[in-house]
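*Asks:* Fold the following, please.
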Amino acid sequence: MQSRKFFSDELKRLRQDILTMAIKAEENLGKALAALRIYSETSNTAGNRAGGTGNTEPASAVRAGDDEIDALQYKIEDDAAILIATQQPVARDLREMVTIFKITGNIERIGDYAVHLAKAAKRLSKKGGTPFRAREHLEKMAHTGQVMIHAAISAYMAQDSQAARDAAAMDNIIDSEHKILTENILRQMKKTPGLAKNARSAKAAYQILNTSNQLERLGDHITNICEAVIYMAEGRHEELNE
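*Replies:* Numbering: from 1, shown residues only. Next up is the predicted model:
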């Protein structure tokens, strides 16, 4: 009985650490989104056209936050491994321990994509204005990612498989924005051949498409978390990525 109480207490602590890790990833996405907005606004100022430096603070804050996420991943996974070895959980408890590794791995990748978004925002600002209308699409994708990870981790904390399915369904929004943005840029470049021949425009298009693709992958990683929650709660694998 005492051993069971110890396991239960340690599992509760692991859940709280995962919640902390997820909150940091959500906050980092918010900082990256703020960086995108700041750099988009400053890219049109006279100073930014001349120097292209903009405000570097948001990107630095995102990198610092990612270090904290990485440290939490190591701590959680080390603690989970020790708990498995010493307490030998079975049935549903073992499924949750396996799920913990899946969740932390995906949150870590989400943190990486937040860093990529902040760096991309900075690079785009240095290019100044571009003929491609991308900001609103990228912002909507990043914001949806924030909402998704919050919902996915809430589903884990509540042990609610249906809530996990509902969270994963929001990935359709990210996929739709990614598709629209990609098609718009390709259509514009086809309609105006000079854009493809202009080195600055071509690099901007590549950067935008690459950033959009990374945000699309971010949504997939959050969907992976939702699938892990369903596995933990129901003991079966369910494919949510269409």
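*Asks:* what residue ranges in this protein score low on pLDDT?
*Replies:* Counting by pLDDT under 70, the chain has low-confidence residues at 1-2, 39-56, 126-132, 195-197, 242.
*Asks:* Kindly recompute the last result at 80.
*Replies:* Filtered on pLDDT under 80, the chain yields the residue ranges 1-3, 38-59, 123-133, 191-202, 241-242.
*Asks:* Need the nearest residue in space to Gln87, chain neighbours excluded.
*Replies:* Phe7 (4.7 Å; CB to CB, 6 or more residues apart in numbering). (Glycine included, C-beta is placed from N, CA and C.)
*Asks:* Surely Leu29 and Gly145 touch.
*Replies:* Yes. Shown here, Leu29 and Gly145 form a contact pair, counting by CB atoms under 8 Å, at 5.6 Å.
*Asks:* intersection of neighbour lists for these two?
*Replies:* Common contact partners of Leu29 and Gly145 (CB atoms under 8 Å, 6 or more residues apart in numbering): Ile110.
*Asks:* from the chain's centre, how far out does the helix or strand encompassing Arg37 sit?
*Replies:* Using DSSP states H and E, the secondary-structure element containing Arg37 is helix 2-42. Here the centre of helix 2-42 is set off from its chain's centre by 11 Å, with CA atoms, centre = their mean, to the nearest Å.
*Asks:* quick one on the thing from earlier: report how many residues lie close to the residue nearest to Gln87.
*Replies:* When counting by other CB atoms under 10 Å, one arrives at 16 neighbours for Phe7.
*Asks:* Who are the packing partners of the helix holding Arg37?
*Replies:* Other elements packing on helix 2-42 under the criterion 3 or more CB pairs under 8 Å, 6 or more residues apart in numbering; DSSP states H and E are helix 57-87, helix 91-126, helix 135-158.
*Asks:* Indicate which one of the ones you listed is closest to Leu218.
*Replies:* Shortest distance between Leu218 and the helices and strands packed on helix 2-42, using CB to CB, is found for helix 91-126: 4.2 Å.
*Asks:* Skipping its backbone neighbours, what lies nearest Glu27 in space?
*Replies:* Spatial nearest neighbour of Glu27, chain neighbours left out: Gly65 (6.6 Å); criterion: CB to CB, 6+ apart.
*Asks:* Provide a list of residues in contact with the one you found.
*Replies:* Lys24, Glu27, Asn28, Lys31, Gly111, Ala114.
*Asks:* Report how many residues lie close to the fifth one.
*Replies:* Gly111 has 29 neighbouring residues, counting by other CB under 10 Å.
*Asks:* mind listing what it touches?
*Replies:* Lys24, Ala25, Asn28, Gly65, Asp66, Ile69, Asp70.
*Asks:* could you redo the last one with a cut-off of 10 Å?
*Replies:* Contact partners of Gly111, counting by CB atoms under 10 Å, 6 or more residues apart in numbering, are 21-22, 24-26, 28-29, 32, 62, 65-70, 72-73, 218, 221.
*Asks:* can I get the contacts of Gly65 in JSON lines with distance to Leu11?
*Replies:* Compiled in JSON lines, those are given as follows (distance: CB to CB, whole Å):
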{"residue": "Lys24", "distance to Leu11": "21"}
{"residue": "Glu27", "distance to Leu11": "25"}
{"residue": "Asn28", "distance to Leu11": "26"}
{"residue": "Lys31", "distance to Leu11": "31"}
{"residue": "Gly111", "distance to Leu11": "23"}
{"residue": "Ala114", "distance to Leu11": "28"}
